[in-house]
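Student: model this:
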Amino acid sequence: MGKNKISKALGDKLSPLNWFNVCLFCLIGGIAWNLENMYFNTFLYNSVYANVSTEAMAGTMAPTTAISRMVALSAVTAVVTTFIMGTFSDRMKNRKVFISIGYIVWGLITALFGFITKENIAGIFGLSDAAQILTFTVWAVIIMDMVMTFMGSTSNDSAFNAWVTDITTPTTRPKVETAFTFVGFIATGIVMGVGTSAQTGAVSYKTFFGILGLLVAAAGVIGFFTIKEPEHISAPAKKTSYWADLFYGFKPSVVKENSTLYLVLAAMCLFNCAFQVFFPYLIVYLQYVVLASSDNAALLDSSLVSVIIVGVIAVAILVAGIVLLMKLAGKKKMLGIVPGVASLIVGLLILSTSTNLYVMLAGIAPTFIGYLVLTIQFGATIRDFTPPEKAGLFQGIRMIFFVLIPMVIGPAIGDIACRSAGASYTNEYGVETLVPDAKMFLYSAIVAALVFIPLFLLRKKGLDKVEE
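Tutor: Purely as a prediction, here's the structure:
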(Lines give C-alpha, C1' and ligand atoms only; values in the text may rest on other atoms or scores of the structure.)
Protein backbone atom coordinates (compact mmCIF):
# COMPACT_ATOMS: atom_id res chain seq x y z
CA MET A 1 0.00 0.00 0.00
CA GLY A 2 1.46 3.39 -0.97
CA LYS A 3 2.06 6.32 1.35
CA ASN A 4 -0.98 8.33 0.18
CA LYS A 5 -3.31 5.32 0.42
CA ILE A 6 -2.07 4.54 3.91
CA SER A 7 -2.63 8.16 4.99
CA LYS A 8 -6.20 8.07 3.67
CA ALA A 9 -6.86 4.71 5.31
CA LEU A 10 -5.63 5.91 8.69
CA GLY A 11 -7.19 9.36 8.55
CA ASP A 12 -6.03 12.49 10.34
CA LYS A 13 -6.77 11.28 13.86
CA LEU A 14 -5.69 8.42 16.09
CA SER A 15 -8.37 6.36 17.79
CA PRO A 16 -8.74 6.75 21.58
CA LEU A 17 -7.41 3.20 22.03
CA ASN A 18 -4.32 3.94 19.95
CA TRP A 19 -3.73 7.14 21.93
CA PHE A 20 -4.01 5.11 25.13
CA ASN A 21 -1.40 2.63 23.93
CA VAL A 22 0.91 5.35 22.60
CA CYS A 23 0.88 7.13 25.95
CA LEU A 24 0.98 3.97 28.10
CA PHE A 25 3.91 2.29 26.37
CA CYS A 26 5.77 5.56 25.91
CA LEU A 27 5.36 6.30 29.64
CA ILE A 28 6.32 2.84 30.87
CA GLY A 29 9.11 2.48 28.30
CA GLY A 30 10.37 5.91 29.37
CA ILE A 31 10.37 4.80 33.00
CA ALA A 32 12.42 1.71 32.14
CA TRP A 33 14.91 3.56 29.93
CA ASN A 34 15.31 6.43 32.41
CA LEU A 35 15.82 3.94 35.19
CA GLU A 36 18.63 2.39 33.17
CA ASN A 37 20.18 5.55 31.75
CA MET A 38 20.09 7.61 34.95
CA TYR A 39 19.97 5.35 37.99
CA PHE A 40 22.11 2.39 37.01
CA ASN A 41 24.85 5.02 37.02
CA THR A 42 24.04 6.21 40.54
CA PHE A 43 23.69 2.55 41.56
CA LEU A 44 27.33 2.10 40.57
CA TYR A 45 28.40 5.17 42.56
CA ASN A 46 26.21 4.75 45.63
CA SER A 47 26.12 0.97 45.97
CA VAL A 48 28.79 -0.85 43.97
CA TYR A 49 31.61 1.67 44.52
CA ALA A 50 30.51 2.44 48.10
CA ASN A 51 32.43 1.19 51.13
CA VAL A 52 35.50 0.13 49.15
CA SER A 53 39.14 0.57 50.05
CA THR A 54 41.70 2.68 48.21
CA GLU A 55 43.41 -0.54 47.06
CA ALA A 56 40.19 -1.92 45.62
CA MET A 57 39.48 1.37 43.84
CA ALA A 58 42.99 1.41 42.39
CA GLY A 59 42.59 -2.16 41.13
CA THR A 60 39.61 -1.51 38.87
CA MET A 61 38.27 1.07 36.40
CA ALA A 62 37.25 4.58 37.51
CA PRO A 63 33.48 5.11 38.03
CA THR A 64 33.14 7.46 35.04
CA THR A 65 34.92 4.90 32.85
CA ALA A 66 32.59 2.15 34.10
CA ILE A 67 29.60 4.32 33.21
CA SER A 68 31.04 5.07 29.76
CA ARG A 69 31.61 1.37 29.05
CA MET A 70 28.18 0.38 30.35
CA VAL A 71 26.46 2.96 28.17
CA ALA A 72 28.52 1.99 25.10
CA LEU A 73 27.95 -1.77 25.44
CA SER A 74 24.26 -1.17 26.11
CA ALA A 75 24.08 0.87 22.91
CA VAL A 76 25.73 -1.89 20.87
CA THR A 77 23.28 -4.41 22.33
CA ALA A 78 20.34 -2.12 21.54
CA VAL A 79 21.31 -1.67 17.91
CA VAL A 80 22.10 -5.33 17.19
CA THR A 81 18.84 -6.33 18.87
CA THR A 82 16.80 -3.79 16.93
CA PHE A 83 18.22 -4.98 13.61
CA ILE A 84 17.46 -8.61 14.36
CA MET A 85 14.12 -8.22 16.10
CA GLY A 86 12.81 -5.32 14.01
CA THR A 87 13.26 -7.31 10.82
CA PHE A 88 11.82 -10.41 12.52
CA SER A 89 8.72 -8.49 13.68
CA ASP A 90 8.17 -7.31 10.10
CA ARG A 91 8.19 -10.87 8.84
CA MET A 92 5.96 -12.10 11.66
CA LYS A 93 3.46 -9.28 10.98
CA ASN A 94 2.69 -9.19 14.68
CA ARG A 95 3.94 -6.26 16.74
CA LYS A 96 1.69 -7.01 19.73
CA VAL A 97 3.44 -10.23 20.73
CA PHE A 98 6.86 -8.58 20.64
CA ILE A 99 5.64 -5.54 22.58
CA SER A 100 3.67 -7.38 25.25
CA ILE A 101 6.00 -10.30 25.98
CA GLY A 102 8.99 -8.00 25.67
CA TYR A 103 7.68 -5.55 28.28
CA ILE A 104 6.86 -8.39 30.68
CA VAL A 105 10.35 -9.91 30.54
CA TRP A 106 11.95 -6.43 30.44
CA GLY A 107 10.22 -5.55 33.69
CA LEU A 108 11.09 -8.81 35.44
CA ILE A 109 14.79 -8.44 34.57
CA THR A 110 14.73 -4.86 35.87
CA ALA A 111 13.18 -6.04 39.14
CA LEU A 112 16.05 -8.51 39.62
CA PHE A 113 18.72 -5.84 39.17
CA GLY A 114 18.81 -4.84 42.84
CA PHE A 115 20.12 -8.29 43.81
CA ILE A 116 23.52 -7.44 42.30
CA THR A 117 25.71 -6.69 45.33
CA LYS A 118 29.38 -7.16 46.12
CA GLU A 119 28.43 -9.70 48.78
CA ASN A 120 26.33 -11.78 46.38
CA ILE A 121 28.96 -11.66 43.64
CA ALA A 122 31.72 -12.66 46.09
CA GLY A 123 29.61 -15.61 47.24
CA ILE A 124 28.70 -16.79 43.73
CA PHE A 125 32.28 -16.70 42.40
CA GLY A 126 34.07 -17.54 45.66
CA LEU A 127 36.08 -14.30 45.69
CA SER A 128 37.95 -12.77 48.61
CA ASP A 129 40.21 -10.13 47.00
CA ALA A 130 38.54 -6.71 47.32
CA ALA A 131 39.67 -5.48 43.88
CA GLN A 132 38.41 -8.65 42.18
CA ILE A 133 35.08 -8.46 43.97
CA LEU A 134 34.62 -4.84 42.87
CA THR A 135 35.65 -5.60 39.28
CA PHE A 136 33.36 -8.63 39.02
CA THR A 137 30.45 -6.66 40.49
CA VAL A 138 30.94 -3.77 38.08
CA TRP A 139 30.96 -6.17 35.14
CA ALA A 140 27.91 -8.00 36.52
CA VAL A 141 26.05 -4.68 36.44
CA ILE A 142 27.24 -4.00 32.88
CA ILE A 143 26.29 -7.47 31.61
CA MET A 144 22.89 -7.39 33.34
CA ASP A 145 22.32 -3.98 31.77
CA MET A 146 22.99 -5.52 28.35
CA VAL A 147 20.43 -8.28 29.02
CA MET A 148 17.87 -5.70 30.08
CA THR A 149 18.65 -3.64 26.98
CA PHE A 150 18.04 -6.66 24.74
CA MET A 151 14.48 -6.97 26.04
CA GLY A 152 13.87 -3.22 25.97
CA SER A 153 15.08 -2.90 22.40
CA THR A 154 13.02 -5.89 21.29
CA SER A 155 9.80 -4.56 22.75
CA ASN A 156 10.22 -0.78 22.61
CA ASP A 157 12.83 0.21 20.03
CA SER A 158 11.89 -2.48 17.50
CA ALA A 159 8.23 -3.42 17.82
CA PHE A 160 6.65 -0.41 19.51
CA ASN A 161 8.40 2.20 17.35
CA ALA A 162 7.51 0.30 14.18
CA TRP A 163 3.90 -0.02 15.39
CA VAL A 164 3.71 3.75 15.97
CA THR A 165 5.01 4.37 12.45
CA ASP A 166 2.40 1.91 11.15
CA ILE A 167 -0.55 3.68 12.78
CA THR A 168 0.45 7.31 12.12
CA THR A 169 0.58 9.67 9.13
CA PRO A 170 2.53 12.90 8.44
CA THR A 171 -0.47 14.77 9.88
CA THR A 172 -0.60 12.88 13.17
CA ARG A 173 3.13 12.27 13.73
CA PRO A 174 4.07 15.72 15.09
CA LYS A 175 1.26 15.34 17.66
CA VAL A 176 2.46 11.85 18.58
CA GLU A 177 6.10 12.97 18.84
CA THR A 178 5.01 15.89 21.04
CA ALA A 179 3.12 13.44 23.24
CA PHE A 180 6.20 11.20 23.30
CA THR A 181 8.36 14.06 24.50
CA PHE A 182 6.07 15.30 27.26
CA VAL A 183 5.09 11.82 28.41
CA GLY A 184 8.80 11.05 28.43
CA PHE A 185 9.39 13.94 30.81
CA ILE A 186 6.62 12.67 33.06
CA ALA A 187 8.41 9.31 33.06
CA THR A 188 11.64 11.06 33.99
CA GLY A 189 9.89 12.86 36.83
CA ILE A 190 8.46 9.62 38.17
CA VAL A 191 11.83 7.88 38.08
CA MET A 192 13.63 10.83 39.66
CA GLY A 193 10.96 11.15 42.34
CA VAL A 194 11.32 7.53 43.42
CA GLY A 195 15.04 7.46 42.61
CA THR A 196 15.82 10.32 44.99
CA SER A 197 14.68 8.07 47.83
CA ALA A 198 17.05 5.36 46.61
CA GLN A 199 19.94 7.84 46.35
CA THR A 200 19.44 9.04 49.91
CA GLY A 201 19.01 5.51 51.25
CA ALA A 202 15.38 6.02 52.32
CA VAL A 203 14.44 3.19 49.93
CA SER A 204 16.79 0.36 49.00
CA TYR A 205 17.86 -0.05 45.40
CA LYS A 206 16.32 -3.54 45.54
CA THR A 207 12.91 -2.03 46.33
CA PHE A 208 13.41 0.77 43.80
CA PHE A 209 14.21 -1.58 40.93
CA GLY A 210 11.56 -4.05 42.05
CA ILE A 211 8.63 -1.61 42.10
CA LEU A 212 9.41 0.01 38.74
CA GLY A 213 10.30 -3.33 37.14
CA LEU A 214 6.92 -4.85 38.07
CA LEU A 215 5.23 -1.72 36.70
CA VAL A 216 6.91 -2.33 33.33
CA ALA A 217 5.83 -5.98 33.36
CA ALA A 218 2.22 -4.98 34.13
CA ALA A 219 2.15 -2.80 31.00
CA GLY A 220 3.08 -5.82 28.92
CA VAL A 221 0.11 -7.73 30.30
CA ILE A 222 -2.22 -4.83 29.45
CA GLY A 223 -0.85 -4.76 25.89
CA PHE A 224 -2.21 -8.23 25.16
CA PHE A 225 -5.72 -6.81 25.52
CA THR A 226 -5.37 -3.31 24.05
CA ILE A 227 -2.93 -3.35 21.10
CA LYS A 228 -4.51 -3.78 17.68
CA GLU A 229 -2.50 -4.48 14.54
CA PRO A 230 -3.15 -2.10 11.59
CA GLU A 231 -4.23 -3.77 8.35
CA HIS A 232 -1.32 -2.29 6.39
CA ILE A 233 1.42 -3.41 8.82
CA SER A 234 4.88 -3.09 7.33
CA ALA A 235 5.94 -6.26 5.58
CA PRO A 236 8.91 -7.00 3.29
CA ALA A 237 8.32 -8.61 -0.06
CA LYS A 238 7.92 -12.38 0.27
CA LYS A 239 10.68 -13.09 -2.21
CA THR A 240 13.36 -11.47 -0.04
CA SER A 241 15.34 -13.43 2.51
CA TYR A 242 15.64 -12.56 6.19
CA TRP A 243 19.33 -11.70 5.77
CA ALA A 244 18.60 -9.47 2.78
CA ASP A 245 16.03 -7.61 4.88
CA LEU A 246 18.45 -7.40 7.81
CA PHE A 247 21.03 -5.46 5.75
CA TYR A 248 18.51 -3.63 3.57
CA GLY A 249 19.28 -0.17 4.99
CA PHE A 250 23.01 -0.48 4.22
CA LYS A 251 22.56 -0.83 0.45
CA PRO A 252 24.03 2.18 -1.41
CA SER A 253 20.95 2.28 -3.63
CA VAL A 254 18.69 2.48 -0.57
CA VAL A 255 20.83 5.22 1.01
CA LYS A 256 20.73 7.22 -2.24
CA GLU A 257 16.99 6.72 -2.67
CA ASN A 258 16.36 7.85 0.93
CA SER A 259 19.11 10.48 1.19
CA THR A 260 16.91 12.97 3.03
CA LEU A 261 16.12 10.37 5.68
CA TYR A 262 19.81 9.60 6.22
CA LEU A 263 20.70 13.30 6.50
CA VAL A 264 18.00 13.79 9.13
CA LEU A 265 19.35 10.73 10.93
CA ALA A 266 22.86 12.23 10.79
CA ALA A 267 21.60 15.48 12.33
CA MET A 268 19.71 13.52 15.00
CA CYS A 269 22.88 11.51 15.66
CA LEU A 270 25.02 14.59 16.34
CA PHE A 271 22.29 16.07 18.53
CA ASN A 272 22.13 12.88 20.59
CA CYS A 273 25.93 12.68 20.76
CA ALA A 274 25.93 16.14 22.33
CA PHE A 275 23.26 15.13 24.83
CA GLN A 276 25.05 11.91 25.79
CA VAL A 277 28.25 13.81 26.59
CA PHE A 278 26.70 14.93 29.89
CA PHE A 279 23.46 13.00 30.42
CA PRO A 280 24.90 9.72 31.81
CA TYR A 281 26.77 11.72 34.44
CA LEU A 282 24.05 14.29 35.21
CA ILE A 283 22.48 12.79 38.34
CA VAL A 284 25.88 12.02 39.85
CA TYR A 285 26.98 15.59 38.99
CA LEU A 286 23.94 17.05 40.73
CA GLN A 287 24.38 14.84 43.81
CA TYR A 288 28.13 15.06 44.35
CA VAL A 289 29.00 18.45 42.84
CA VAL A 290 26.04 20.85 42.65
CA LEU A 291 24.08 19.94 45.78
CA ALA A 292 27.25 19.09 47.70
CA SER A 293 28.59 22.62 47.19
CA SER A 294 28.66 24.59 50.44
CA ASP A 295 27.63 27.75 48.56
CA ASN A 296 24.55 26.05 47.12
CA ALA A 297 23.71 24.48 50.48
CA ALA A 298 23.83 27.93 52.08
CA LEU A 299 21.78 29.35 49.21
CA LEU A 300 19.07 26.74 49.72
CA ASP A 301 19.04 27.39 53.47
CA SER A 302 18.83 31.17 53.22
CA SER A 303 17.11 31.84 49.88
CA LEU A 304 14.89 28.84 49.21
CA VAL A 305 11.96 31.04 48.16
CA SER A 306 14.05 32.96 45.63
CA VAL A 307 15.43 29.71 44.22
CA ILE A 308 11.88 28.41 43.80
CA ILE A 309 10.83 31.66 42.10
CA VAL A 310 13.77 31.46 39.67
CA GLY A 311 12.91 27.81 39.05
CA VAL A 312 9.28 28.65 38.26
CA ILE A 313 10.41 31.40 35.89
CA ALA A 314 12.77 28.95 34.17
CA VAL A 315 9.95 26.43 33.73
CA ALA A 316 7.63 29.15 32.38
CA ILE A 317 10.28 30.22 29.87
CA LEU A 318 10.78 26.57 28.94
CA VAL A 319 7.08 25.97 28.21
CA ALA A 320 6.60 29.31 26.42
CA GLY A 321 9.70 28.77 24.30
CA ILE A 322 8.60 25.31 23.21
CA VAL A 323 5.11 26.48 22.27
CA LEU A 324 6.50 29.48 20.35
CA LEU A 325 9.05 27.45 18.40
CA MET A 326 6.55 24.71 17.55
CA LYS A 327 4.03 27.31 16.31
CA LEU A 328 6.71 29.05 14.24
CA ALA A 329 7.76 25.73 12.78
CA GLY A 330 4.35 24.45 11.68
CA LYS A 331 5.18 22.55 8.53
CA LYS A 332 8.31 24.66 8.01
CA LYS A 333 10.57 22.31 9.92
CA MET A 334 13.73 24.40 9.67
CA LEU A 335 12.05 27.25 11.55
CA GLY A 336 11.86 24.94 14.54
CA ILE A 337 15.06 22.96 14.14
CA VAL A 338 17.60 25.77 13.62
CA PRO A 339 16.50 27.88 16.63
CA GLY A 340 16.26 24.63 18.60
CA VAL A 341 19.94 23.88 17.98
CA ALA A 342 20.91 27.47 18.83
CA SER A 343 18.90 27.32 22.06
CA LEU A 344 20.57 24.03 23.03
CA ILE A 345 24.07 25.44 22.47
CA VAL A 346 23.38 28.63 24.45
CA GLY A 347 22.00 26.62 27.36
CA LEU A 348 24.97 24.25 27.43
CA LEU A 349 27.44 27.14 27.38
CA ILE A 350 25.68 28.70 30.36
CA LEU A 351 25.74 25.39 32.26
CA SER A 352 29.48 25.06 31.61
CA THR A 353 30.32 28.30 33.39
CA SER A 354 29.26 27.60 36.98
CA THR A 355 27.72 25.18 39.48
CA ASN A 356 25.72 28.01 41.10
CA LEU A 357 22.02 27.09 41.29
CA TYR A 358 20.86 30.35 39.72
CA VAL A 359 23.24 29.93 36.79
CA MET A 360 22.17 26.32 36.36
CA LEU A 361 18.48 27.23 36.32
CA ALA A 362 19.24 29.92 33.73
CA GLY A 363 21.03 27.34 31.58
CA ILE A 364 18.49 24.54 31.97
CA ALA A 365 15.65 26.48 30.29
CA PRO A 366 17.30 27.05 26.87
CA THR A 367 18.97 23.63 27.00
CA PHE A 368 15.69 21.79 27.38
CA ILE A 369 13.83 24.08 24.98
CA GLY A 370 16.34 22.95 22.37
CA TYR A 371 16.18 19.33 23.50
CA LEU A 372 12.39 19.11 23.37
CA VAL A 373 11.97 20.92 20.06
CA LEU A 374 14.69 18.90 18.34
CA THR A 375 13.39 15.61 19.73
CA ILE A 376 9.89 16.36 18.44
CA GLN A 377 10.93 17.72 15.05
CA PHE A 378 13.61 15.14 14.27
CA GLY A 379 11.41 12.28 15.46
CA ALA A 380 8.47 13.30 13.29
CA THR A 381 10.68 13.99 10.26
CA ILE A 382 12.37 10.58 10.51
CA ARG A 383 8.96 8.87 10.52
CA ASP A 384 7.83 11.05 7.57
CA PHE A 385 10.73 9.92 5.41
CA THR A 386 10.71 6.26 6.49
CA PRO A 387 9.30 4.12 3.63
CA PRO A 388 5.78 3.23 4.86
CA GLU A 389 6.00 -0.49 4.14
CA LYS A 390 9.52 -0.94 5.54
CA ALA A 391 9.19 0.58 9.01
CA GLY A 392 10.67 -2.44 10.79
CA LEU A 393 13.58 -2.72 8.36
CA PHE A 394 14.66 0.86 9.16
CA GLN A 395 14.43 0.60 12.95
CA GLY A 396 17.95 -0.85 13.14
CA ILE A 397 19.33 1.95 10.96
CA ARG A 398 17.52 4.46 13.16
CA MET A 399 19.12 2.90 16.24
CA ILE A 400 22.63 3.22 14.82
CA PHE A 401 22.16 6.97 14.54
CA PHE A 402 19.87 7.38 17.55
CA VAL A 403 21.63 5.10 20.06
CA LEU A 404 24.82 3.30 18.97
CA ILE A 405 26.96 6.20 17.76
CA PRO A 406 25.73 8.74 20.36
CA MET A 407 25.99 6.35 23.31
CA VAL A 408 29.48 5.18 22.34
CA ILE A 409 30.95 8.55 21.39
CA GLY A 410 29.04 10.88 23.74
CA PRO A 411 29.89 9.27 27.12
CA ALA A 412 33.50 8.72 25.99
CA ILE A 413 33.81 12.47 25.31
CA GLY A 414 32.17 13.16 28.66
CA ASP A 415 34.64 10.83 30.39
CA ILE A 416 37.53 12.70 28.76
CA ALA A 417 36.05 16.02 29.91
CA CYS A 418 35.64 14.82 33.48
CA ARG A 419 39.09 13.23 33.64
CA SER A 420 40.76 16.36 32.23
CA ALA A 421 39.04 18.47 34.89
CA GLY A 422 40.19 16.09 37.65
CA ALA A 423 37.35 16.92 40.04
CA SER A 424 36.88 14.45 42.91
CA TYR A 425 35.28 13.95 46.29
CA THR A 426 36.46 12.03 49.34
CA ASN A 427 33.94 9.62 50.82
CA GLU A 428 33.47 8.78 54.49
CA TYR A 429 36.19 6.11 54.24
CA GLY A 430 38.78 8.59 52.98
CA VAL A 431 38.75 7.21 49.42
CA GLU A 432 39.06 9.82 46.67
CA THR A 433 36.65 9.24 43.77
CA LEU A 434 36.46 11.01 40.41
CA VAL A 435 33.23 13.00 39.84
CA PRO A 436 31.78 14.73 36.75
CA ASP A 437 32.64 18.36 36.07
CA ALA A 438 30.89 21.33 34.42
CA LYS A 439 33.46 21.09 31.64
CA MET A 440 31.35 18.30 30.10
CA PHE A 441 28.70 20.88 29.10
CA LEU A 442 31.29 22.85 27.10
CA TYR A 443 32.30 19.71 25.21
CA SER A 444 28.61 18.99 24.65
CA ALA A 445 28.04 22.46 23.15
CA ILE A 446 30.92 21.95 20.71
CA VAL A 447 29.41 18.67 19.50
CA ALA A 448 25.95 20.28 19.24
CA ALA A 449 27.35 22.95 16.91
CA LEU A 450 28.19 20.19 14.39
CA VAL A 451 24.45 19.62 13.85
CA PHE A 452 24.46 22.66 11.56
CA ILE A 453 26.47 20.69 8.95
CA PRO A 454 23.72 18.17 7.99
CA LEU A 455 21.13 20.94 8.47
CA PHE A 456 22.89 23.00 5.80
CA LEU A 457 22.65 20.05 3.39
CA LEU A 458 19.00 19.48 4.29
CA ARG A 459 18.28 23.14 3.68
CA LYS A 460 19.75 22.80 0.17
CA LYS A 461 17.49 19.79 -0.39
CA GLY A 462 14.47 21.88 0.58
CA LEU A 463 13.49 20.33 3.89
CA ASP A 464 10.70 22.77 4.67
CA LYS A 465 7.59 20.78 3.95
CA VAL A 466 6.70 17.10 3.90
CA GLU A 467 4.29 16.01 1.23
CA GLU A 468 1.27 14.26 2.68
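Student: where do the helices sit along the stretch 101-250 of the chain?
Tutor: Taking DSSP state H, counting those that start in this stretch, the helices of the stretch 101-250 of the chain run over residues 118-125, 130-152, 161-167, 173-200, 205-226, 242-246.
Student: and these, which one's lowest on average pLDDT?
Tutor: Set side by side, the helices of the stretch 101-250 of the chain show their lowest mean pLDDT on helix 242-246, which sits at a mean of 62.
Student: Need the contact partners of the next helix or strand after it.
Tutor: Read in the C-terminal direction, the helix or strand following helix 242-246 is helix 252-257, with elements assigned using DSSP states H and E. The set of residues that contact helix 252-257 without belonging to it, under Cβ atoms under 8 Å, 6 or more residues apart in numbering, is Tyr248, Gly249, Tyr262. Heads up, the C-betas are built off the backbone N, CA and C, glycines and all.
Student: Identify each buried residue in the helix or strand that helix 252-257 is followed by, please.
Tutor: Remark: after helix 252-257, the chain's next helix or strand is helix 259-278, criterion DSSP H and E. Residues of helix 259-278 classed as buried under the neighbour-count rule (16 or more other Cβ atoms under 10 Å) are 260-278.
Student: now do stretch 145-156
Tutor: Neighbour counts over stretch 145-156 (16+ other Cβ under 10 Å) mark Asp145, Met146, Met148, Thr149, Phe150, Met151, Gly152, Ser153, Thr154, Ser155, Asn156 as buried.
Student: possible to save those residues as a markdown table with distance to Met440?
Tutor: Written out in a markdown table, the entries for the buried residues of stretch 145-156 read as follows (distance: Cβ to Cβ, whole Å):
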| residue | distance to Met440 |
| --- | --- |
| Asp145 | 21 |
| Met146 | 24 |
| Met148 | 25 |
| Thr149 | 23 |
| Phe150 | 29 |
| Met151 | 30 |
| Gly152 | 25 |
| Ser153 | 26 |
| Thr154 | 31 |
| Ser155 | 31 |
| Asn156 | 27 |
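Student: The spatially closest residue to Phe279 that is not a sequence neighbour: what's it in contact with?
Tutor: Nearest residue to Phe279 in three dimensions, chain neighbours excluded: Asn37, at 7.0 Å (Cβ to Cβ, 6 or more residues apart in numbering). For Asn37, the contacting residues are Val71, Phe279, Pro280, taking Cβ under 8 Å, 6+ apart as the criterion.
Student: Pull the distance from stretch 28-43 to the chain's centre.
Tutor: Relative to the chain's own centre, stretch 28-43 is displaced by 9 Å; criterion: Cα atoms, centre = their mean, to the nearest Å.
Student: Over to stretch 148-164?
Tutor: With Cα atoms, centre = their mean, you get 13 Å for stretch 148-164.
Student: Only the buried residues of the helix or strand containing Thr64, if you could.
Tutor: Taking DSSP H and E as the definition, Thr64 sits inside helix 63-92. Residues 63-75, 77-90 are the ones in helix 63-92 that count as buried (16+ other Cβ under 10 Å).
Student: again with stretch 25-38
Tutor: With burial defined by 16+ other Cβ under 10 Å, the residues of stretch 25-38 counted as buried are 25-38.
Student: Stretch 123-140 too?
Tutor: Applying a neighbour-count criterion of 16+ other Cβ under 10 Å, one finds Leu127, Ala130, Ala131, Gln132, Ile133, Leu134, Thr135, Phe136, Thr137, Val138, Trp139, Ala140 buried in stretch 123-140.
Student: For Met148, see how far away the residue nearest to Phe279 is.
Tutor: The spacing between Asn37 and Met148, counted by Cβ to Cβ, to the nearest Å, is 11 Å.
Student: same thing with Phe43?
Tutor: Computed as Cβ to Cβ, the Phe43 to Met148 distance reads 12 Å.
Student: any common contacting residues for the two?
Tutor: Common contact partners of Phe43 and Met148 (Cβ under 8 Å, 6+ apart): Phe113.
Student: Just the pLDDT for Gly311.
Tutor: pLDDT, Gly311: 55.
Student: same thing with Thr117?
Tutor: Thr117 is assigned a pLDDT of 89 by the prediction.
Student: these two touch, right, it and Phe136?
Tutor: No: with the criterion set as Cβ atoms under 8 Å, Thr117 and Phe136 do not qualify as a contacting pair; they are 11.4 Å apart.
Student: hmm, back to that, so which of the buried residues of stretch 145-156 is the closest to Met399?
Tutor: Comparing the buried residues of stretch 145-156 against Met399 with Cβ to Cβ places Ser153 closest, at 7.3 Å.
Student: Run through the residues that contact that closest one.
Tutor: Remark: with contacts taken as Cβ under 8 Å, 6+ apart, Ser153 is in contact with Thr77, Ala78, Val79, Thr81, Thr82, Met85, Met399.
Student: swap the cut-off to 7 Å and go again
Tutor: By Cβ atoms under 7 Å, 6 or more residues apart in numbering, the residues touching Ser153 are Ala78, Thr81, Thr82, Met85.
Student: same question, Val76
Tutor: Taking Cβ under 7 Å, 6+ apart, we find Val76 in contact with Leu404.
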